[in-house]
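Here is my input; please provide its structure:
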Amino acid sequence: MAGRKRQRLAQRRKASGYTQEQFADALGVDRTTVQRWERGEVNPQPHQRPKVANLLQLTSRELDELLAADVLPVALGSSWAAVAEPTTDDETAAWELARRVQASDVGTETLTRLEGVFDELATDYPVTPPRELLERVRRHSAYVVHLLDARKTLSEHRRLLVVGGWLSLFGATLHIDLNQGSSATACLKTAVTLARQAEHPEIEAWCYETDAWRVLTDGDYSRALELSLAAQDTAPVGSSALIQATAQEGRARAKLSHSTEAYAAIDRVQKMAASLGIPERPREHHYQYDPAKALAYTATTLAWLGDAAAEPFAREVIARLGPSSDVGKWPRRVASANIDLALVLLSGDRLDEACDSAQKAILSGRVVPSNHWRALEVVNVVEARQLPEASELREAYEGLRAIEA
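Residues are numbered from 1 along each chain as shown. Modelled structure (predicted):
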């Protein structure tokens, strides 16, 4: 009987001119959800029924009649392949419980797609303007919120919390890049909440590390150190978050002139990064550490320590990631490496090359608003020395600020 009724549902959908995929898209659900409706495993939720009725050109009563068949439980194993009609209230209750536990309007396919979308966003980060990425993050975060109100299994609920946590964390990173402090704080708080609900310490550790970077750019180096240490205490052993938090500690200590501790942090980062091996992805993932990132963080930390040893590290980053002379195609790390290189060259009185490196970094378009202060450090030194390149470099810097305004 259920099969015949649900056959009528499929026929009605086809008669209305929809494929399963088109019908699912029109309703904002996954195709697997429509398939389960038509197999008689579950019914549309009450809030979905008015739209279903409208698409099928039915009244609410007509739709209810179409869905009036009993819903049999989903088989838990091969021994349940042939399910007899329940004969007692206890049997009915047991089967209904099994059906409800497995009932879902989310589906594995949807979650897998969302997780894939987040990975794509994180790998687009080095070469994509933050405003562009932020619009995509907002759209997918809104969809996660929508799915949290849908019926789902416990495992699906946790996966939603995790991907929502990653998206909120990434949104915070983009708001920080754009100097949007209040929005960044809100996103970080949301990410921490979701991480704790999902019992996902790595996301929580990334939140502390991300906040450490934010306060470091604001000049609060002591607070940046505290947050970096908190991130290390929270991060799982061997995780990317642990390595990144250690690198952030090194940068904060360099700004605080804690030379011995900064060098020790550099050493720990290099050792942990070396154990990771070459990443499977050819592109950089913002939340997956790789040995090449250790080079970039070492260059910055040494440059802030005033150590000439920063130069070979910065040059290696540039050679690896920015071999093209087209600065517009550089990833963000190459722009930062050129700023590091410029600082080191200025301290060594290699002024022409220092100004050239700074100019390349600024004109690349990869210096986001939260990093403008780093470019300004170089501009200020050049101006203080009254170098002939000062006016040109200042003009480039002001042009960068005007673009991002």
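
tell me what the helix or strand that contains residue 243 is packed against?
Element membership of residue 243 [criterion: DSSP states H and E] is helix 240-255. For helix 240-255, the packing partners by 3 or more CB pairs under 8 Å, 6 or more residues apart in numbering; DSSP states H and E come out as helix 201-217, helix 221-234, helix 259-274, helix 291-304. To be clear about C-beta, it is placed using only N, CA and C from the backbone, and glycine gets the same treatment.

Give me the buried positions along the last one.
Taking 16 or more other CB atoms under 10 Å as the basis for neighbour counts, the residues of helix 291-304 that come out buried are 292-304.

Quick check: the farthest pair among these?
292 and 304 (19.7 Å; CB to CB).

now the stretch 301-405 of the chain, which segments are flagged as low pLDDT?
Within the stretch 301-405 of the chain, the segments meeting pLDDT under 70 span 322-330, 403-405.

What about the residue lying closest to residue 208 once chain neighbours are set aside, how many residues nearby?
Here the nearest residue to residue 208 in space, its sequence neighbours aside, is residue 231; by CB to CB, 6 or more residues apart in numbering that works out to 3.7 Å. Summarising burial for residue 231: neighbours were counted as other CB atoms under 10 Å, giving 26.

which residues does residue 231 contact?
With contacts defined as CB atoms under 8 Å, 6 or more residues apart in numbering, residue 231 is in contact with 205-209, 212, 241-242, 244-245, 248.

Which single one of those residues is nearest to residue 227?
Nearest to residue 227 among the contacts of residue 231 is residue 212, at 3.7 Å by CB to CB.

Identify the residues contacting that closest one.
The neighbourhood of residue 212, defined by CB under 8 Å, 6+ apart, consists of 223-228, 231, 245, 248, 252.

Taking these together, which two end up most distant?
223 and 245 (14.1 Å).

if I pick the closest residue in space to residue 343 that isn't next to it in sequence, what's in contact with it?
Counting by CB to CB, 6+ apart, the nearest residue to residue 343 once its immediate chain neighbours are dropped is residue 303, at 4.7 Å. Taking CB under 8 Å, 6+ apart as the contact definition, residue 303 lies against 310, 314, 340-341, 343-344.

Mind giving me the PyMOL command for buried ones among the contacts of residue 231?
With 16+ other CB under 10 Å as the criterion, this PyMOL line picks the buried residues out of those:
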select buried, resi 205+206+207+208+209+212+241+242+244+245+248
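
Going by neighbour count, which residues of stretch 258-268 are buried?
Neighbour-count burial for stretch 258-268, with 16+ other CB under 10 Å as criterion, is recorded at 258, 261-263, 265-266, 268.

Contact partners for the most centrally placed residue in the chain?
For the chain, the residue sitting closest to the mean C-alpha position, by CA atoms, centre = their mean, is residue 170 at 4.0 Å. Shown in contact with residue 170 (CB under 8 Å, 6+ apart): 118, 121-122, 125, 133, 137, 286-287.

Make a PyMOL selection of whichever of those residues turn out to be buried.
To isolate the buried subset of the contacts of residue 170 in PyMOL, counting by 16+ other CB under 10 Å, use the following:
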select buried, resi 118+121+122+125+133+137+286+287
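
Quick one: closest of the helices and strands packed on helix 240-255 to residue 373.
Residue 373 lies closest to helix 201-217 among those, at 6.4 Å (CB to CB).

okay, the angle between that closest one and helix 240-255?
Orientation note: helix 201-217 sits at an angle of 20 degrees relative to helix 240-255 (axes from the mean of the first three to the mean of the last three CA atoms, to 10 degrees).

Can you point out the buried residues in whichever strand or helix holds residue 62?
When secondary structure is defined using DSSP H and E, the element that contains residue 62 is helix 60-66. Applying a neighbour-count criterion of 16+ other CB under 10 Å, the buried positions in helix 60-66 are 63, 66.

CA atoms only: put stretch 124-143 into PDB for me.
Extracted as PDB, the C-alpha positions of stretch 124-143 are listed here (Å, rounded to 0.1, in the frame of the first residue of the first chain):
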ATOM      1  CA  ASP A 124      41.200  29.900  -2.400                       C
ATOM      2  CA  TYR A 125      42.200  32.100   0.500                       C
ATOM      3  CA  PRO A 126      45.800  32.800  -0.500                       C
ATOM      4  CA  VAL A 127      44.800  34.200  -3.900                       C
ATOM      5  CA  THR A 128      41.300  35.600  -3.500                       C
ATOM      6  CA  PRO A 129      40.200  39.000  -2.100                       C
ATOM      7  CA  PRO A 130      38.700  38.600   1.300                       C
ATOM      8  CA  ARG A 131      35.500  40.400   0.400                       C
ATOM      9  CA  GLU A 132      34.800  37.900  -2.400                       C
ATOM     10  CA  LEU A 133      35.400  35.000  -0.100                       C
ATOM     11  CA  LEU A 134      33.200  36.500   2.600                       C
ATOM     12  CA  GLU A 135      30.200  36.500   0.400                       C
ATOM     13  CA  ARG A 136      30.600  32.800  -0.300                       C
ATOM     14  CA  VAL A 137      31.100  32.100   3.400                       C
ATOM     15  CA  ARG A 138      27.900  33.900   4.400                       C
ATOM     16  CA  ARG A 139      25.900  32.000   1.800                       C
ATOM     17  CA  HIS A 140      27.100  28.600   2.900                       C
ATOM     18  CA  SER A 141      26.800  29.500   6.600                       C
ATOM     19  CA  ALA A 142      23.200  30.500   6.100                       C
ATOM     20  CA  TYR A 143      22.600  27.100   4.500                       C
END
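
From the chain's centroid, how far away is it?
The chain centroid and the centroid of stretch 124-143 are separated by 9 Å, computed with CA atoms, centre = their mean, to the nearest Å.

any idea which helix or strand comes after the helix or strand of the chain with the lowest mean pLDDT?
Within the chain, judged by mean pLDDT, DSSP states H and E, the helix or strand with the poorest mean is helix 89-102; its value is a mean of 60. Remark: after helix 89-102, the chain's next helix or strand is helix 108-124, criterion DSSP H and E.

Tell me which residues are up against whatever helix or strand comes next after that next one.
Past helix 108-124, further along toward the C-terminus, the next helix or strand under DSSP H and E is helix 130-148. Counting by CB under 8 Å, 6+ apart, helix 130-148 makes contact with 28, 106, 110, 114, 117-118, 121, 124-125, 157, 160, 163-164, 167-168, 170-171, 174-175, 177-178, 368, all of which sit outside it.
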